[in-house]
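Asker: Please work out how this folds:
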Amino acid sequence: MAACNGQKETNKASEMEVEVQNTLDISRASGTITISLEELEASFPEAEAYAVYSGMQEIPHQLIKEGPNAGLMILIEEIEAEETQKLTVKGISKDSASSFPKRTQAELSIKEGGEWKGREYIGGSFKNVDSLRVPDEHTDHSWYIRYEGPGWESDLVGYRFYLDWRNATDVFGKTTTDMVLQNAGQDGFDSYHELSDWGMDVLKVGKSLGIGSPAYFDGEKAIRIDSTDSINSKILANGAIYSSVKTNYYGWSVSDKKLDITSFYSIHAGSRLTHHHIDFEGNTDNLATGIGKADSAKIYTSKGSSEAFGYIVTYGRQSLNNDKLGLAVLFPSEALKQITADQYSDIVVLTPQHNAVDYYFLAAWELEKEGITTEEDFLKYVENTARELASPLVVTIKK
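Answerer: I've put the predicted structure just below:
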């Protein structure tokens, strides 16, 4: 991390004092706070970039210009129980902005140089792109998108979703804290189903919700976003401490409804959590999500409270490598409509608030580097995470 010496400030008086308080009686690791774009503009009208300090040490931060987490995101690596930390934010010139080790990634990789033959893309080589309108020819196993959709990861875990009629979310377990998604699917289209030196795809999705996939619950079953007019996907952020994927689903036809869905998946450094924010246009009484069933896994549920998010959790030897794998979906208690199940998935049904839904999901694989390896530890981790989500770090800006 860079020190403050030698940085050129756009205005020597242009700084902001920020207090960050952990109100819980447990310590927290790798949390984030965000200062809004409006607050930044008001406080630093001439700034080209920003620097954030704890004492004399610059700490990781990232400017996010679009999406539900827009603003200056600051990574709080550790904060003790009931501790208050003091930070200083400064406006600086662009050429003096620091860079930080890359601890998150998002990517979307498609083939170029080949051609469509029916529903299959023949030939060509993979190239990362910033955005994609999904071709009308594209379906599952078209060999067109590397690992079949966008991927995002932190230093702890990776995820992807199938950018086709399945629209289900999957997990990449990691044995390293390095960024790894750029290697997945390069040496054979689905080689990531076998254990490699970086890890592997650890979850069998099939017809289920995988982990955290968006759906509609019709009273009997969860229906994934399987019938749309068109789909556009975009890498919204690919940064050192925060990465995000935005996807627009136009004309989702489900249960006599027609919905336009905007999905934001995001992750930050040092965390297993994916935040899924969904905006929609149209009328619906619910949006649902869940976890694919596995005979070898135990399930735990909580409806949550004002002090803790609700959750559904599964744990057991449910990875494709027959390792212990913990999966969890967490949601605000006030949004819960019901916890239920169908043939393929354990399901949480949520009531939209102001045409939007927010929830989180996470995975913990026992082969992670210094990972969670017991059911007891995983359940404790989920319980603490549920409390943290219900009681975000409190930010006070001193002017």
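
Asker: Quick one: low-confidence residue ranges for the stretch 151-300 of the chain.
Answerer: 188-189 (pLDDT under 70).

Asker: Recalculate using a threshold of 80.
Answerer: Residue ranges of the stretch 151-300 of the chain with pLDDT under 80: 187-190.

Asker: what about the helices in it?
Answerer: With DSSP state H, counting those that start in this stretch, there are no helices along the stretch 151-300 of the chain.

Asker: could you show me where the strands are in it, in order?
Answerer: With DSSP state E, counting those that start in this stretch, the ranges of strands along the stretch 151-300 of the chain come out as 151-154, 157-161, 169-174, 199-201, 215-217, 222-224, 230-238, 242-254, 257-268, 274-281, 287-292, 297-302.

Asker: Would you map out the domains in this protein?
Answerer: Domains of the chain are assigned by automatic domain parsing as 15-92, 105-390.

Asker: coming back round to it: between the strands of the stretch 151-300 of the chain, which one is closest to residue 378.
Answerer: Evaluated with Cβ to Cβ, the strands of the stretch 151-300 of the chain place strand 297-302 nearest to residue 378, the distance being 9.7 Å. (Each C-beta comes from the backbone N, C-alpha and C, glycine too.)

Asker: So what are the sheet partners of the next helix or strand after that closest one and their directions?
Answerer: In the C-terminal direction, the helix or strand that comes right after strand 297-302 (DSSP states H and E) is strand 310-316. Within its sheet, and counting by DSSP bridges, strand 310-316 is paired with strand 297-302 (antiparallel), strand 325-331 (antiparallel).

Asker: so of the ones you listed, which one's packed in deepest?
Answerer: Of the strands paired with strand 310-316, the one with the most neighbours on average (mean count of other Cβ atoms under 10 Å) is strand 325-331, at a mean of 28.

Asker: That strand to strand 274-281, inter-axis angle?
Answerer: With axes from the mean of the first three to the mean of the last three Cα atoms, to 10 degrees as the criterion, the two stretches strand 325-331 and strand 274-281 enclose an angle of 40 degrees.

Asker: Direction-wise, compare strand 325-331 with strand 169-174 and give the angle.
Answerer: Using the same axes, to 10 degrees: strand 325-331 against strand 169-174 is 130 degrees.

Asker: okay, residue 10: pLDDT?
Answerer: pLDDT, residue 10: 43.

Asker: likewise the one 3 residues further on?
Answerer: Residue 13 carries a pLDDT value of 47.

Asker: Now the host helix or strand of residue 110: average pLDDT?
Answerer: Element membership for residue 110 (DSSP H and E) is strand 109-112. Model confidence over strand 109-112 averages 97 on the pLDDT scale.

Asker: Same question for stretch 36-45.
Answerer: In this model, stretch 36-45 has a mean pLDDT of 95.

Asker: That one: which residues count as buried?
Answerer: Residues of stretch 36-45 classed as buried: 40, 43, 44 (neighbour count, 16 or more other Cβ atoms under 10 Å).

Asker: for stretch 219-236, same thing?
Answerer: Neighbour-count burial for stretch 219-236, with 16+ other Cβ under 10 Å as criterion, is recorded at 221, 222, 223, 224, 225, 228, 231, 233, 234, 235, 236.

Asker: likewise stretch 66-80?
Answerer: For stretch 66-80, the buried set under the neighbour-count rule, 16+ other Cβ under 10 Å, comprises 67, 68, 69, 70, 71, 72, 73, 74, 75, 76, 79.

Asker: And for stretch 351-367?
Answerer: Buried residues in stretch 351-367, counting neighbours by 16+ other Cβ under 10 Å, are found at 352, 357, 358, 359, 360, 361, 362, 363, 364, 365, 366, 367.

Asker: Tell me which other helices or strands the helix or strand where residue 90 lies touches.
Answerer: Assigning secondary structure by DSSP H and E places residue 90 in strand 84-92. Helices and strands touching strand 84-92, as assessed by 3 or more Cβ pairs under 8 Å, 6 or more residues apart in numbering; DSSP states H and E, comprise strand 15-21, strand 49-54, strand 71-79.
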